[in-house]
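Enquirer: My questions are about this predicted structure, shown below with the sequence.
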Amino acid sequence: MRRKIPWKWIAWIAGGALAIYLTVGIILAGRDTPPIPPSSQMVDLRGGQVHGNRITNKAWSFDYDHAQFSPDGTTGTVDGVRNGVVFRKGKKYLRISAEHISVNLQSLDFTAIGKVHVERINDPEKRSFDTDLVVWANGSKLLHMDHPSYIHTSGQTMRLDGVTIDFDSDTVHIAKLGGNVDIKK
């Protein structure tokens, strides 16, 4: 006499066992692997590009010779910056070059020191600024040059004791002036 094997019940039991096995495996996955310890080593890079990106578009970008970032990658120093670009509403607005820039990749602020050159991109009057300190405050979209700055336009140079460029209103605020400039109609 042959007995009928209950395949339906065996399939249900095997399926249930497999579901339990997978559920327990997923719950316990990764418990035996220790977390990677935080590094205390600075990240040292030679030649490249660093970007500060907002949620929808770029804030700034710098080509550099040497960069060093904190272990968590939130702050860093960038040396030999050439072809730096500060963006306004997602479009290239200012070109910047500097000896040394400190960046905060969380707030997207930066401070440029040393010999700093700033020029507006596609400016028909070819205006540019030279100074030794530039501070970019990303939250307020202001570029401050609080040390003496020199503006060059049409072959003329003027000394300014302070310049603030407001990216939201597209205006330049100038502090005390010095020097001679010919104004032509």
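Expert: Nice, thanks for sending it over.

Enquirer: can you map out the helices along this protein?
Expert: For the chain, the helices defined by DSSP state H occupy 7-28.

Enquirer: For it, give me the ranges with low pLDDT.
Expert: For the chain, the stretches flagged by pLDDT under 70 are 1-2, 35-39, 54-56, 178-185.

Enquirer: Distance of the most centrally placed residue in it relative to Ile27?
Expert: For the chain, the residue nearest the mean C-alpha position is Gly52 (1.5 Å; C-alpha atoms, centre = their mean). Per C-beta to C-beta, to the nearest Å, Gly52 is found 40 Å from Ile27. (Glycine included, C-beta is placed from N, CA and C.)

Enquirer: One more: Ile101?
Expert: For Ile101, the distance to Ile27 (C-beta to C-beta) stands at 47 Å.

Enquirer: between those two, who's got more neighbours?
Expert: Applying other C-beta atoms under 10 Å to Ile101 and Ile27 shows that Ile101 carries more neighbours, namely 27 against 9.

Enquirer: What are the neighbouring residues in contact with that one?
Expert: By C-beta atoms under 8 Å, 6 or more residues apart in numbering, the residues touching Ile101 are Phe62, Thr77, Val78, Asp79, Val81, Gly84, Phe110, Thr111, Ala112, Ile113.

Enquirer: if I pick the second one, what's in contact with it?
Expert: To tie it back to what came earlier, the one meant is Thr77. Thr77 sits next to Ala67, Gln68, His100, Ile101, Ser102, Val103 when contact means C-beta under 8 Å, 6+ apart.

Enquirer: Also the third one?
Expert: The contact partners of Val78, by C-beta under 8 Å, 6+ apart, come to Val50, Phe62, Tyr64, His66, Ala67, His100, Ile101, Ser102, Val103.

Enquirer: I'd say the last one and Ala112 touch.
Expert: Spelled out, that is Val103. No - judged on C-beta atoms under 8 Å, Val103 makes no contact with Ala112 at a distance of 9.6 Å.

Enquirer: ok so, going back, I'd like to know which of the contacts of Ile101 are buried.
Expert: Neighbour counting with 16 or more other C-beta atoms under 10 Å marks Phe62, Thr77, Val78, Val81, Gly84, Phe110, Thr111, Ala112, Ile113 as buried within these.

Enquirer: Please report the distance of the last one from Asp132.
Expert: Taken as C-beta to C-beta, the spacing of Ile113 relative to Asp132 amounts to 6 Å.

Enquirer: and for those two, which residues touch both?
Expert: Counting by C-beta under 8 Å, 6+ apart, nothing touches both Ile113 and Asp132.

Enquirer: any residues in contact with both of Val103 and Ala112?
Expert: Between them, Val103 and Ala112 share no contacting residue, judged by C-beta under 8 Å, 6+ apart.
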